[in-house]
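> with the input below, show me the fold.
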Amino acid sequence: MDLNQVLEQARQEAKQITSLHELAELKAMFLGKKSVLNELMKTMKQVSVEEKKMLGQQVNACKVELESIFLFRRQEIEMLAIEMRLASEAIDVTLPGKQIAKGSLHPLTIVQQEIEDIFVGMGYLVEEGPEVELDLFNFEMLNLPKGHPAREMQDTFYFDETTLLRTHTSPVQVRTLKKAKGAPVKIICPGKVYRRDNDDATHSHQFMQIEGLVVDKNINMADLKGTLLEISKKIFGDDRKIRLRPSFFPFVEPGLEVDVSCFQCGGSGCPMCKQTGWIEILGAGMVHPNVLEMAGYDHKKYQGFAFGMGIERIAILRYGIDDIRHFYTNDVRFLKQF
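Presented below is the predicted three-dimensional model:
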C-alpha cells in the first residue's frame, strides 16, 4: 500500500467537504477503527522486526499528516462560516437608526441627592448602614429598652428576637458614634426604612428617610434651630419660616416637631397647609443623655442634636403628588414626569 496515495486522496476529498459533519465522517474513514491504516497495522505481526519498525514509523508519520490535513480543513470551514454569518448580519449604515429611550432618575433619588448636596455643603458627612439591623442598635441604644411602649409606634418586621428590618436610619447614628469613640460627629444618614403599616395614599410599609446628627462640645438648641431654618430655606425657598412645637421622641430631650411656612400660599392659608399656613416637615430634638452615655460620650462635656425627615414627604410637597404609592408602582408614565 502506498501511503503517499492515501495522503493525496485525503487532501483531495477534504477540499470537497463543506460541513464539519462531513469532515468528521471523512476523518473516521481515514483514521477510524475500520480505516485503511488500521487494517495495515493488523498485518504488522506477519513481517520481520526490522520491517515492522520501519512500517510503524511510516504509519505514524502518515497519521500525523492526516490529522494536520483534517485540522487545517476544519479551521477553513469554521472561518468560512464566520465570514458568511458576518455577511448575512451586516448592518446597513444607510438605514435610519433606532431611537434609544432615555431613562431618568427616580423622583426620590432626585430629592435625596439634592438634600445630600445641601448637607455636604454645610460640612456633613454621608453615612450608610445595614437595612437588616440588630434590636440593640435600632431600639436599645436609642433609649428604647425592651418593653418600652414607644416601640409600638415603630412596629416592624422581625427575623428573630434580635434581628429586624430597621424602622429608621437612627441605628446608623449609633454605629457612627460607637466608631467615633468620643470624637465630634456631624453626619446625615439616608436610606430605606420599614414599618408594619397598611399601605394607603399617605402610608407605606417601606419608605425613605434622611436623618442628621451633630455631636460636639457646647451644642445647644440655638444650633439646632439655625440648622433647621437653613435646611428649610434651601429646600423650600428663601422666604420660608419655621415653627417649633414640643413633641416626644425617646432618643431626644427635648423633642420637637418642625413646621415650615406654606410655600404655596405664603402662610395665608390654602388646601395644601389645611388653611393653617404651616406644613409639618420633620422631627428633631437634642440628643438624650442616655444615648450619648451608651455610645461612650460624657454627656456633661458633649451635647448634640438630631433630626429626621421623610424623603417621600418632601417629594410629595415639592411635586404635588397625591399618593405615596406612586413612588413604588414603577409606572413609567409617572416616572417620565421627572
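
> only C-alpha atoms for contact and neighbour calcs from this point on.
Fine.

> chain center to stretch 89-98, what's the gap?
In this view, stretch 89-98 has its centroid 35 Å away from the chain centroid, taken as CA atoms, centre = their mean, to the nearest Å.

> likewise for stretch 143-160?
Mean-position distance between stretch 143-160 and its chain equals 28 Å (CA atoms, centre = their mean).

> helix or strand: which one has the nearest residue to residue 255 once chain neighbours are set aside?
Spatially, and ignoring its direct neighbours in sequence, residue 255 is nearest to residue 285 (4.2 Å; CA to CA, 6 or more residues apart in numbering). Here residue 285 sits within strand 278-287, counting by DSSP states H and E.

> strands paired with that strand, and their directions?
Pairing partners of strand 278-287, with direction, according to DSSP bridges: strand 252-261 (antiparallel), strand 303-310 (antiparallel).

> pLDDT on the helix or strand following that strand, on average?
Using DSSP H and E, the helix or strand that follows strand 278-287 in sequence is helix 289-294. With pLDDT averaged residue by residue, helix 289-294 scores 95.

> name the residues that touch the strand holding residue 285?
Residues external to strand 278-287 that are found in contact with it (CA atoms under 8 Å, 6 or more residues apart in numbering): 220-221, 224, 251-262, 267, 272-273, 303-310, 313-314.

> same question for stretch 315-329.
For stretch 315-329, the external contacting residues (CA under 8 Å, 6+ apart) are 107, 108, 111, 199, 200, 201, 202, 203, 204, 236, 312, 334.

> again, only this time at 7 Å
Contacts made with stretch 315-329 from outside it, assessed by CA atoms under 7 Å, 6 or more residues apart in numbering, are listed as 108, 111, 201, 202, 203, 312.

> for stretch 23-31, same thing?
Counting by CA under 7 Å, 6+ apart, stretch 23-31 makes contact with 14, 17, 35, 36, 37, 70, all of which sit outside it.

> any idea how far it is from the middle of the chain?
54 Å.

> for it, which residues meet the burial criterion?
Within stretch 23-31, the residues that qualify as buried by neighbour count (16 or more other CA atoms under 10 Å) are 23, 26, 27, 30, 31.

> what is the nearest of those to residue 175?
The closest of these to residue 175 turns out to be residue 23 (CA to CA; 68.3 Å).

> average pLDDT for the helix or strand that that closest one is a member of, rounded please.
Applying DSSP H and E as the criterion places residue 23 in helix 20-31. Average pLDDT, helix 20-31: 84.

> distance from it to the middle of the chain?
The offset between the C-alpha centroid of helix 20-31 and the centroid of the whole chain comes to 52 Å, using CA atoms, centre = their mean.

> ditto for stretch 99-108
Using CA atoms, centre = their mean, we find the averaged C-alpha position of stretch 99-108 to lie 17 Å away from the chain's own average C-alpha position.

> what residues sit buried inside that stretch?
The neighbour-count check on stretch 99-108 (16+ other CA under 10 Å) flags 106, 107, 108 as buried.

> make a markdown table from these and add secondary structure, pLDDT and distance to residue 63 to it.
Output for the buried residues of stretch 99-108, formatted as a markdown table (DSSP: H, G, I helix; E, B strand; the rest coil; pLDDT from 0 to 100; distance: CA to CA, whole Å):
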| residue | secondary structure | pLDDT | distance to residue 63 |
| --- | --- | --- | --- |
| 106 | coil | 93 | 67 |
| 107 | helix | 93 | 71 |
| 108 | helix | 95 | 71 |
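
> out of these, the closest to residue 75 would be?
In terms of CA to CA, no member of the buried residues of stretch 99-108 lies closer to residue 75 than residue 106, at 51.3 Å.

> before we move on, back to that, for residue 216, which of the strands paired with strand 278-287 is the nearest?
For those, the distance to residue 216 is smallest for strand 303-310, at 5.8 Å, taking CA to CA.

> which stretches of this protein form helices?
With helices called from DSSP state H, the chain shows them at 3-16, 20-31, 36-42, 49-88, 107-121, 135-138, 170-180, 221-236, 289-294, 311-319, 332-335.

> picking up where we left off before, could you check the angle helix 49-88 makes with the helix holding residue 23?
Relative orientation of helix 20-31 with respect to helix 49-88: 170 degrees, computed using axes from the mean of the first three to the mean of the last three CA atoms, to 10 degrees.

> send the alpha carbons of helix 20-31 over as CSV?
Output for helix 20-31, consisting of C-alpha atoms alone and laid out as CSV, is shown next (Å, rounded to 0.1, in the frame of the first residue of the first chain):
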residue,chain,number,x,y,z
LEU,A,20,-18.0,19.8,9.9
HIS,A,21,-20.3,16.8,10.0
GLU,A,22,-19.0,15.5,6.6
LEU,A,23,-15.4,16.3,7.7
ALA,A,24,-15.9,14.1,10.8
GLU,A,25,-17.1,11.2,8.6
LEU,A,26,-14.1,11.6,6.3
LYS,A,27,-11.7,11.6,9.2
ALA,A,28,-13.3,8.4,10.6
MET,A,29,-12.8,6.8,7.2
PHE,A,30,-9.0,7.5,7.2
LEU,A,31,-8.3,7.3,10.9
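
> can you give me the angle it makes with helix 3-16?
170 degrees.
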